[in-house]
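>>> how would this look folded up:
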Amino acid sequence: MKGGKGMFEKFESFEIAAGAGGAAGGGSNFLSLILPLVLMLAIFYFLLIRPQQKKQKTRNSMLSALKKGDKVVTIGGLHGTIMEITDDTVVLRVNDVTKLTFDRNSISHAISTAAEGEK
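Residues are numbered from 1 along each chain as shown. Next comes the predicted model:
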């Protein structure tokens, strides 16, 4: 029994020490809980959200700058030249006789004229 009582006294002294430390350092305990969450949100913002917003902004500016005669590639890989363009549709000339109508958002990228000049 003597060994059991000694363990109880150690446990009780640990509770008293933890309680006293917790009451005095409550603010730092809260900070240690919230700091990793804030750090994780900052990492998500700078590694995931911000680059995606930048990419979306670049894509929207490319789509708004399209004009008749531009050579483009669709998301399906189809190459063509813009014959007609409206706010939401694009008519592409694929060869001399074939014209296809696409949604404006289906344009993947415009082919630069500098790359065409090198060929």
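>>> for the longest strand seen in the chain, name the packing helices and strands.
Secondary structure of the chain per DSSP state E: the longest strand is strand 79-85. Here strand 79-85 touches strand 71-74, strand 89-93, going by 3 or more C-beta pairs under 8 Å, 6 or more residues apart in numbering; DSSP states H and E. Yep, even glycine has a C-beta here, placed from its N, CA and C like the rest.
>>> buried residues in the first one, which are they?
Counting neighbours by 16 or more other C-beta atoms under 10 Å, one finds that the buried residues in strand 71-74 are Lys71, Val72, Thr74.
>>> with stretch 70-83 instead?
Across stretch 70-83, burial judged by 16+ other C-beta under 10 Å covers Asp70, Lys71, Val72, Thr74, Gly80, Thr81, Ile82.
>>> beta-bridge partners for the fifth one, please?
So the one you mean is Gly80. When assigned by DSSP bridges, Gly80 has beta-bridge partners Val72.
>>> spit out the contact partners of it.
Counting by C-beta atoms under 8 Å, 6 or more residues apart in numbering, Gly80 touches Lys71, Val72, Thr74, Leu92, Arg93, Val94, Leu100.
>>> what about 10 Å?
Under the criterion of C-beta atoms under 10 Å, 6 or more residues apart in numbering, the neighbours of Gly80 are 70-74, 90-95, 98-100, 102, 107, 111.
>>> buried members of the residues you listed into PyMOL, please.
Typed into PyMOL, the line below selects the buried ones among the contacts of Gly80, using 16+ other C-beta under 10 Å:
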select buried, resi 70+71+72+74+90+91+92+93+102+107
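>>> returning to that earlier point: in TSV: the helices and strands packed on strand 79-85, plus distance to Ile43 and mean pLDDT.
Formatted as TSV, the helices and strands packed on strand 79-85 follow (distance: least, C-beta to C-beta, whole Å; pLDDT from 0 to 100):
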stretch	distance to Ile43	mean pLDDT
strand 71-74	34	96
strand 89-93	38	96
